[in-house]
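J.: pasting the sequence and the predicted coordinates here, then a few questions.
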Amino acid sequence: MKEKKIQWHPGFAAALDLELRSDREYLHFEKEYNLNTKPLAVDLLVIKKNAAVRLNNEIGRIFRGHNLLEYKSPGDHLNIDTFYKTIAYACLYKSYEKTLNEVRADDVTVSLVRGGKPEELFSYLEGNGFRITNPYRGIYYVEGLVMFPSQVIVTGELELEEHVWLRALSEKLKEKEMRTLLERTSCLTGKYDQELADSVLNVSVLANERVVEKLMEGDGSMSEALLEIMKPMIEPMIEKQRQIAMEEGRSQGLRQGISQGFSRGIDQERKESIHRLVATLRRLGYDDAVIRQELRSEYGLSGKAADEYL
């Protein structure tokens, strides 16, 4: 089975757009903005159209006219070299404009975004003449020797209710966080916002399959609206779970002997997998006839054996 490939950066761009949507009319977003020629590209450029506007979201409080954001997905390092590379990107951005000093240095900011706190980076910076302040939960300003106003955003420390979109970019979401993400998604009405939320959800669901499965198998408290949002993303997971269960059952059946029959070769783990699949299909609105047919065709169960799972 191929290792899952998660596209974190599109999810990040969508999440930040949603985070700043209350001030969207004052902002312009440029994803993977080329600084000169590839591969020199910054993950996201946010241009503030009106310098006098103070953004509501605390992530944007540091923003000036030109704001470069570099995102590090789970597993990527945020170290001193990453920090200086991003500062270098800002220098290139400032220097590549058409006219001399068209972009002023004091009108550029740098933001680095990752899930966990970069303790080693902060320790290095503080030991080399920089100051680290923490004006808001999960947001750290780097001050002192920096060429541009800079901040490090630690998404795992952000307030959940205020920053659900960036918090969703994690492989370690808890059930409460996933439920909050789904509920917030269900409240969106505009097509553009819904498309952005879908991008974030696709990343979050793929990275947190076990949490999603637990929610689907839970106490039945998920609303129909939330189930409808989940359905397009859950179905591929159901198919994968089905294939795994089938392979487990076949292997176990062969070990116990074909003569005993395929259904007798189902071990306890496979039974639990089938029960989970049935519960998930029920929550997605499939009736007993469809579920029975799935069990008969995919697992080789007789009608009577299939009925034991219904």
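T.: Sure, I can see it.

J.: next one: phi and psi at residue 122?
T.: Backbone torsions of residue 122, given as degrees, to the nearest 10, read phi -60, psi -40.

J.: switch to numbering from 57
T.: Noted, 57 is the first residue going forward, which turns the last one into residue 178.

J.: strands of the stretch 107-256 of the chain, start to end?
T.: Remark: strands assigned in the stretch 107-256 of the chain by DSSP state E, counting those that start in this stretch are 122-127, 164-170, 187-192, 195-199, 206-210.

J.: can these go into JSON lines with extra columns for mean pLDDT, distance to residue 357 and mean neighbour count?
T.: The way it works is simple: take the backbone N, C-alpha and C, and place the C-beta from them, glycine included. Listed next are those as JSON lines, based on pLDDT from 0 to 100; distance: least, C-beta to C-beta, whole Å; neighbours: other C-beta atoms under 10 Å:
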{"stretch": "strand 122-127", "mean pLDDT": "93", "distance to residue 357": "47", "mean neighbour count": "23"}
{"stretch": "strand 164-170", "mean pLDDT": "95", "distance to residue 357": "47", "mean neighbour count": "23"}
{"stretch": "strand 187-192", "mean pLDDT": "97", "distance to residue 357": "56", "mean neighbour count": "13"}
{"stretch": "strand 195-199", "mean pLDDT": "97", "distance to residue 357": "54", "mean neighbour count": "19"}
{"stretch": "strand 206-210", "mean pLDDT": "97", "distance to residue 357": "49", "mean neighbour count": "23"}
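
J.: would you turn those into TSV with distance to residue 246?
T.: What follows is the strands of the stretch 107-256 of the chain, written out as TSV (distance: least, C-beta to C-beta, whole Å):
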stretch	distance to residue 246
strand 122-127	23
strand 164-170	24
strand 187-192	27
strand 195-199	27
strand 206-210	25
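
J.: closest one to residue 350 among those strands?
T.: With C-beta to C-beta, the closest approach to residue 350 among these belongs to strand 122-127: 40.1 Å.

J.: the closest one pairs with which strands, parallel or anti?
T.: Strand pairing for strand 122-127, using DSSP bridges, gives strand 97-104 (antiparallel), strand 164-170 (parallel).

J.: buried residues in the longest one, which are they?
T.: Spelled out, it's strand 97-104. 97, 98, 99, 100, 101, 102, 104 (16 or more other C-beta atoms under 10 Å).

J.: okay, now the unreliable bits of the protein?
T.: Where the chain drops to pLDDT under 70, the residues are 57-60, 91-96, 153-155, 273-326, 339-341, 353-356.

J.: can you give me the helices in it?
T.: For the chain, applying DSSP state H gives helices covering 64-75, 136-151, 175-182, 220-223, 231-242, 247-263, 265-272, 280-312, 324-339, 344-355, 359-363.

J.: elements contacting the fourth one?
T.: Contact partners of helix 220-223 among helices and strands, from 3 or more C-beta pairs under 8 Å, 6 or more residues apart in numbering; DSSP states H and E: helix 64-75, helix 231-242.

J.: elements contacting the last one?
T.: Meaning helix 231-242. Secondary-structure packing of helix 231-242 (3+ C-beta pairs under 8 Å, 6+ apart): helix 220-223, helix 247-263, helix 265-272, helix 280-312.

J.: chain center to it: distance?
T.: 12 Å (C-alpha atoms, centre = their mean, to the nearest Å).

J.: buried residues of that helix, list them for me.
T.: Within helix 231-242, the residues that count as buried by 16+ other C-beta under 10 Å are 233, 234, 235, 236, 237, 238, 240, 241.

J.: brilliant, that's me finished.
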